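A.B. asks: Structure for this input, please:
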Amino acid sequence: MLPLRLVDRSSDVPAFRQIAEHLRGAIRAGELAPGDRLPSETELMAHYGVARMTVRQALAELKSEGIAVAEHGRGVFVQSRPPVRRLASDRFARRHRDRGLAAFSAEAEGLGVARVDQLEVGREKPDERLRALLGVDARTKVVARRRRYLLDEEPVELAQSYVPVDIADGTPIEQADSGPGGIYARIEEQGYRLAEFVEEISSRMPTPEERRRLNLSAGEPALVLTRRAIDTDGRVVEVTDTVKAASRYVLEYRFPAE
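C.D. replies: All right, here's what the predicted structure looks like:
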C-alpha cells in the first residue's frame, strides 16, 4: 500500500489534485512501478478519507496525462511502456530505408512490436488544402493511404499519406504492402530523390472518432503533424497528416548551432 499521506483540508488545492500528485510522485519514485495496478477506488477512499467521486477525479487526471491506463474489469495500471521517442532529425534518414525500414518502424525499434491496421488505399481528388500543399491543380488525383499504427497492440498514431498519381501509378504505393522501406523508398525508385522534409506540429483535442481509434482517455489531447516530402527539384512529392496520442510520444529535434 502507498505511504500514508493525508489530504490537506486547509489547502487551496482541491483534494483530487492532491491525491493525483501523491500518486504521480509515487510513480516517479518507483513506489508504483510500470505495469503495477493502482489501489482500487475503495482502497483509495479509505486511504485518503475522501468520497468516491474525488478518487475518480484523481484517477481521471492521471489517465488524461497518460501516466495511468484503465483496463476494463481489472482496474487502473501504471503505464507500462515508455513513450515513443520520435527523433525527427533521424527517422527519415536514407540509411533506414536502405535497411528496409519505414520511419515508424525505425523509431519503434527496441520499444516493442510495431504493426499497421485499419489500412485503406485508393485514388481520390485532393481538397483545396491538400492541393495547395502539393502544388497541384484540381484535375490532379492522389493515391491516399490511411492507416493506424500500433505498438505492442496499443494504438499510438493515425496517418494519412497522399502521393500524386503520376508518381504512384503502377507502383506498390497503390498496394496494401508498399514494400521494404515504405513509400519513400518507392518514390525514390521512381527517380524522385528526396532532399528534405518540412513538418508543422500543433495540438488540439481529438475528434470522437480519433479518440475511439486511439483509445484516448477523456480530456487527453492529440498532436497533429503535417509533413511535406520535397525532392531535389523542389517538388512536393508526398504529404502526410498524422494524429498522435500526445501522452505516448516525446518529440526530439537536433539542430546545428551554426
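A.B. asks: what helix or strand is the spatially closest residue to residue 11 that is not a sequence neighbour on?
C.D. replies: Sequence neighbours aside, residue 18 is the residue nearest to residue 11 in space, at 6.8 Å (criterion: CB to CB, 6 or more residues apart in numbering). For every residue, glycine as well, the C-beta is placed using N, CA and C. Under the criterion of DSSP states H and E, residue 18 resides in helix 15-28.
A.B. asks: As PDB, could you dump the C-alpha coordinates of that helix?
C.D. replies: Taking Å, rounded to 0.1, in the frame of the first residue of the first chain, the C-alpha atoms of helix 15-28 are listed here in PDB:
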ATOM      1  CA  ALA A  15      -8.400  17.200  -2.800                       C
ATOM      2  CA  PHE A  16      -8.400  15.200  -6.000                       C
ATOM      3  CA  ARG A  17      -5.400  17.200  -7.300                       C
ATOM      4  CA  GLN A  18      -3.500  16.400  -4.100                       C
ATOM      5  CA  ILE A  19      -4.300  12.700  -4.400                       C
ATOM      6  CA  ALA A  20      -3.200  12.800  -8.100                       C
ATOM      7  CA  GLU A  21       0.000  14.500  -7.200                       C
ATOM      8  CA  HIS A  22       0.700  11.900  -4.400                       C
ATOM      9  CA  LEU A  23       0.100   9.000  -6.900                       C
ATOM     10  CA  ARG A  24       2.200  10.800  -9.500                       C
ATOM     11  CA  GLY A  25       5.000  11.200  -7.000                       C
ATOM     12  CA  ALA A  26       4.800   7.500  -6.000                       C
ATOM     13  CA  ILE A  27       5.100   6.500  -9.700                       C
ATOM     14  CA  ARG A  28       8.100   8.800 -10.200                       C
END
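A.B. asks: bridging residues for the closest residue to residue 121 other than its chain neighbours?
C.D. replies: Distances taken as CB to CB, 6+ apart put residue 145 closest to residue 121, at 5.2 Å, once the chain neighbours are dropped. Beta-bridge pairing of residue 145 under DSSP bridges involves residue 121, residue 161.
A.B. asks: Pull the contacting residues for residue 145.
C.D. replies: 119-121, 159-163, 173, 178, 183 (CB atoms under 8 Å, 6 or more residues apart in numbering).
A.B. asks: How about residue 150?
C.D. replies: Residue 150 makes contact with 114-117, 156 under the criterion CB under 8 Å, 6+ apart.
A.B. asks: do that again at 6 Å, thanks
C.D. replies: Counting by CB atoms under 6 Å, 6 or more residues apart in numbering, residue 150 makes contact with residue 115.
A.B. asks: In this structure, where is pLDDT below threshold?
C.D. replies: 1-4, 81-112, 255, 258 (pLDDT under 70).
A.B. asks: all helices for it, in order.
C.D. replies: 15-28, 41-48, 52-64, 94-98, 103-108, 128-134, 165-168, 182-189, 208-214 (DSSP state H).
A.B. asks: of those helices, which approaches residue 241 most closely?
C.D. replies: helix 128-134 (8.7 Å; CB to CB).
A.B. asks: Show me which parts of the closest one are buried, residue by residue.
C.D. replies: Under the neighbour-count criterion of 16 or more other CB atoms under 10 Å, helix 128-134 has 130-131, 133-134 buried.
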